[in-house]
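>>> A structural model of the following input is requested.
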Amino acid sequence: MGSTRPAISGTDTASPAATGKRGAVVAALMLSMALAALDSTIVSTAVPQIVGELGGFSVFSWLFSGYLLAVTVTLPLYGKLSDTFGRKPVLIVGAALFLLGSLLCALAWNMGALIAFRIVQGLGGGALQGTVQTLAADLYPLKERPKIQAKLSTVWALSAVAGPAVGGVLAGYTDWRWIFLVNLPVGGLALWLIVRHLHEPQRKVPLARPRVDWAGALAVFACGGVLLTALVQGGVAWPWLSAPSLALFGAGFALVGLVVVIERRAAEPIIPGWVWRRRTIAAVNLALGALGLLMVAPTVFLPMYAQSVLGLGPVAAGFVLSVWTLSWPVSAALSQHVYRRIGFRDTAVVGIGAAALILFAFPLLPYPGEAWQPTLLMLFLGAALGLFQLPLIIGVQSSVGWSERGTATASILFCRQTCQTVGAAVFGAVANGVLAARLGGASDLDSVTNGLDTGTTADATRHAVADAVHAVYLGAACAAALAFVILLVVAPRRFPVLKETPLDG
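Below is the predicted model:
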């Protein structure tokens with residue numbers, strides 16, 4: 001008996017998008033998701049041009065870190081606001097902030113200003129990511145949700161492949177500022193479609209005016225910002241055990257305590273306790289947090305492995321990575337045929353179990369090997385993770401009503417992105433540690449791979465890079481195994497699913 005059969009009483013309230021033109025709203029969601037998905041991949045290709053004009057090479061990494069911090073720490077706030085005031089106003093504000101940030105980025109006069117405006121972009125990006133995923137569940141009943149999720153997954157896949165190419169063309173044949181200006185017509189169209197076609201039904205007016213936990217929101221923002229800054233900059237801008245690193249971690253953990261105190265006292269907390277008290281949501285948060293960890297191995301280290309060990313060029317190395325973005329959405333779209341038979345949890349268990357085996361297989365590849373070998377593994381890995389992630393997201397969204405769906409969805413995305421940041425720091429330290437041990441001294445991955453690019457290092461160094469990446473993949477495999485155990489031990493065998501009110505066409 002599949003897990004999609006209702007397991008608890010209750011009814012999911014009518015979708016806020018039920019009265020809108022669903023096709024136009026879906027188009028707006030896909031455009032909004034494309035803005036967020038294309039952002040980092042396009043900007044990364046223009047870094048040389050940006051630094052050449054504005055300077056600030058020592059801090060340019062904050063173009064990405066600042067955006068990521070803003071997106072991550074605002075996810076819980078936007079999730080709560082969308083449950084309180086509706087999806088439409090939150091999505092409109094998010095899109096407007098993202099477009100404002102894009103315009104300001106195009107007008108930036110130095111690196112400091114560009115970083116600040118990227119943070120403004122991130123404040124809007126957090127609303128786009130969380131609210132789009134939530135509206136996807138609002139638009140479609142359970143049996144049709146894989147359709148919209150597959151479309152959104154395809155947007156991410158196409159963005160991963162097309163982003164570097166589009167960014168390279170804009171940076172090479174125009175001015176780097178067009179990388180941000182191109183967001184304006186795309187985002188403007190998405191904003192118009194949302195305003196014009198997304199109609200949320202009138203809800204009952206509450207007896208008391210909704211209260212927003214602004215103190216909790218500020219505390220969550222400060223706590224997340226401090227801890228993520230410590231993780232992003234630790235081992236890069238300063239040593240891990242240096243005074244700045246210890247001070248940031250100390251302040252971050254103190255702020256964690258402050259968040260707990262504020263949220264316990266708040267009438268409508270930004271991060272409500274039920275997110276962790278319900279087994280289904282808690283298990284999925286932890287499992288997708290592990291997904292964030294393991295994704296660091298391929299996204300960060302595989303292109304380096306392909307170029308430094310296999311000797312591929314940048315384009316070919318990008319293809320080795322991009323194949324998983326082709327199999328992931330296909331597998332996600334087909335996952336409904338599996339979870340309708342065996343349930344959400346067991347489908348995810350099969351997917352993450354296969355992913356763990358694939359990640360464990362990577363260190364067994366021959367040295368130096370052929371390009372088709374990691375390419376094939378990445379193709380299988382994308383298929384396994386599509387089978388893992390989508391059933392969990394749909395399962396959680398189907399276990400809560402409209403008034404809790406934004407918060408539940410935001411908690412999933414927050415855990416995944418936070419753990420991805422943690423994974424980048426941890427696996428970076430692991431890789432550098434392996435290099436230092438293999439090369440008999442203090443080495444870091446960047447300096448070694450730069451030496452490989454100029455042909456000044458010996459084959460032993462290529463072996464060292466291969467060993468470092470293999471260690472990272474073993475760590476990623478352990479993260480997948482952890483998710484496997486979490487699902488078996490913490491997640492219920494059958495996810496509770498609310499009955500749904502049929503949607504209007």
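
>>> Next, count neighbours for the closest residue to Gly235 other than its chain neighbours.
Beyond its immediate neighbours in the sequence, the residue positioned closest to Gly235 (C-beta to C-beta, 6 or more residues apart in numbering) is Ala429, lying 5.8 Å away. (C-beta placed from N, C-alpha, C; glycine too.) Using other C-beta atoms under 10 Å, Ala429 has 13 neighbouring residues.

>>> For my notes, confirm Ala429 occurs in a helix.
Yes - checked against DSSP: H, G, I helix; E, B strand; the rest coil, Ala429 lies within a helix.

>>> isn't it right next to Trp240, touching?
Yes - at 7.3 Å, Ala429 and Trp240 qualify as touching, with contact defined as C-beta atoms under 8 Å.

>>> burial of Leu357, as a residue count?
Using other C-beta under 10 Å: Leu357 sits among 15 other residues.

>>> show me what contacts it?
With contact set as C-beta atoms under 8 Å, 6 or more residues apart in numbering, Leu357 has no partners.

>>> Okay, and it sits in which element?
helix 344-361 (DSSP states H and E).

>>> CA atoms only: put the helix or strand hosting Gly292 into PDB for me.
Taking DSSP H and E as the criterion, Gly292 maps to helix 279-296. Below are the C-alpha coordinates for helix 279-296, written out as PDB (Å, rounded to 0.1, in the frame of the first residue of the first chain):
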ATOM      1  CA  ARG A 279       9.000  13.100  12.500                       C
ATOM      2  CA  THR A 280       8.300  13.500   8.800                       C
ATOM      3  CA  ILE A 281       9.600  17.100   8.500                       C
ATOM      4  CA  ALA A 282      12.500  16.600  10.900                       C
ATOM      5  CA  ALA A 283      13.700  13.500   9.000                       C
ATOM      6  CA  VAL A 284      13.500  15.200   5.700                       C
ATOM      7  CA  ASN A 285      15.300  18.300   7.000                       C
ATOM      8  CA  LEU A 286      18.200  16.100   8.200                       C
ATOM      9  CA  ALA A 287      18.200  13.900   5.100                       C
ATOM     10  CA  LEU A 288      18.300  16.900   2.700                       C
ATOM     11  CA  GLY A 289      20.900  18.500   4.900                       C
ATOM     12  CA  ALA A 290      23.000  15.500   4.100                       C
ATOM     13  CA  LEU A 291      22.200  16.000   0.400                       C
ATOM     14  CA  GLY A 292      23.600  19.500   0.700                       C
ATOM     15  CA  LEU A 293      26.800  18.000   2.100                       C
ATOM     16  CA  LEU A 294      27.300  15.400  -0.600                       C
ATOM     17  CA  MET A 295      26.600  17.800  -3.500                       C
ATOM     18  CA  VAL A 296      29.800  19.700  -2.700                       C
END
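
>>> Can you name every helix or strand that that helix contacts?
helix 274-277, helix 344-361, helix 372-398, helix 402-439, helix 459-489 (3 or more C-beta pairs under 8 Å, 6 or more residues apart in numbering; DSSP states H and E).

>>> I'd like the distance between Ala425 and Ser245.
Distance of Ala425 to Ser245, given as C-beta to C-beta, to the nearest Å: 11 Å.

>>> shared neighbours of those two, anything?
With C-beta under 8 Å, 6+ apart as the test, Ala425 and Ser245 both reach Gly234.

>>> Please enumerate the helices of the stretch 101-250 of the chain.
Counting by DSSP state H, counting those that start in this stretch, the segments of the stretch 101-250 of the chain that form helices are 111-139, 145-173, 178-181, 183-197, 214-233, 243-265.

>>> what is the rounded mean pLDDT of the helix holding Gly292?
Helix 279-296 comes out with an average pLDDT of 92.

>>> angle of it against helix 459-489?
170 degrees (axes from the mean of the first three to the mean of the last three C-alpha atoms, to 10 degrees).

>>> Determine how far helix 279-296 lies from the middle of the whole chain.
12 Å (C-alpha atoms, centre = their mean, to the nearest Å).

>>> Can you point out the buried residues in that helix?
280-296 (16 or more other C-beta atoms under 10 Å).

>>> can you check stretch 127-142 too?
127-140, 142.

>>> what's the distance between it and the middle of its chain?
That offset, for stretch 127-142, works out to 15 Å (C-alpha atoms, centre = their mean).

>>> and what of stretch 124-136?
Between the centre of stretch 124-136 and the centre of its host chain there is 11 Å, according to C-alpha atoms, centre = their mean.

>>> Check stretch 293-304 too.
Relative to its chain's centre, stretch 293-304 lies at 14 Å (C-alpha atoms, centre = their mean).

>>> Just the residues contacting it, thanks.
Outside stretch 293-304, the residues that touch it by C-beta under 8 Å, 6+ apart are 314, 317-318, 320-321, 324, 355, 359, 374, 378, 381, 419-420, 422-424, 426-428, 431, 445, 449, 465, 469, 472-473, 475-477, 479-480, 483.

>>> start to end distance for it?
18 Å (C-alpha to C-alpha, to the nearest Å).

>>> Can you flag the buried ones in the contacts of stretch 293-304?
Looks like the contacts of stretch 293-304 have 317-318, 320-321, 324, 355, 359, 374, 378, 381, 419-420, 422-424, 426-428, 431, 445, 449, 465, 469, 472-473, 475-477, 479-480, 483 buried, using 16+ other C-beta under 10 Å.

>>> got the domain boundaries for the protein?
The chain breaks down into these domains under automatic domain parsing: 12-200, 213-267, 275-505.

>>> Just give the nearest non-adjacent residue to the residue nearest the centre of the chain, would you?
The chain has Gln417 as the residue nearest its centroid, 4.8 Å off, counting by C-alpha atoms, centre = their mean. For Gln417, ignoring the flanking residues on the chain, the nearest one in space by C-beta to C-beta, 6+ apart is Thr72 at 4.6 Å.

>>> Counting neighbours, what do you get for Trp240?
Neighbours of Trp240 using other C-beta under 10 Å come to 13.

>>> Low-confidence stretches in the stretch 301-450 of the chain?
Residue ranges of the stretch 301-450 of the chain with pLDDT under 70: 314-315, 441-450.

>>> switch the cut-off to 90
301-337, 339-340, 365-373, 386, 390, 394, 397-411, 413-450 (pLDDT under 90).

>>> re the thing from before, in JSON lines: the helices and strands packed on helix 279-296, plus distance to Ile42.
What follows is those, written out as JSON lines (distance: least, C-beta to C-beta, whole Å):
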{"stretch": "helix 274-277", "distance to Ile42": "33"}
{"stretch": "helix 344-361", "distance to Ile42": "28"}
{"stretch": "helix 372-398", "distance to Ile42": "22"}
{"stretch": "helix 402-439", "distance to Ile42": "19"}
{"stretch": "helix 459-489", "distance to Ile42": "26"}
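
>>> For Lys151, which of the ones you listed is the nearest?
helix 372-398 (11.9 Å; C-beta to C-beta).

>>> List the residues that contact Arg345.
Ser3, Pro391, Gly395, Leu487, Ala491, Pro492, Arg493, Arg494, Phe495.

>>> no, scratch that, I was asking about Thr72
Counted by C-beta under 8 Å, 6+ apart, Thr72 has contacts Gly126, Gly224, Leu228, Phe414, Gln417, Thr418, Thr421.

>>> out of the residues you listed, who has the most neighbours?
Neighbour max across the contacts of Thr72 (other C-beta under 10 Å) = Gly126, 30 neighbours.
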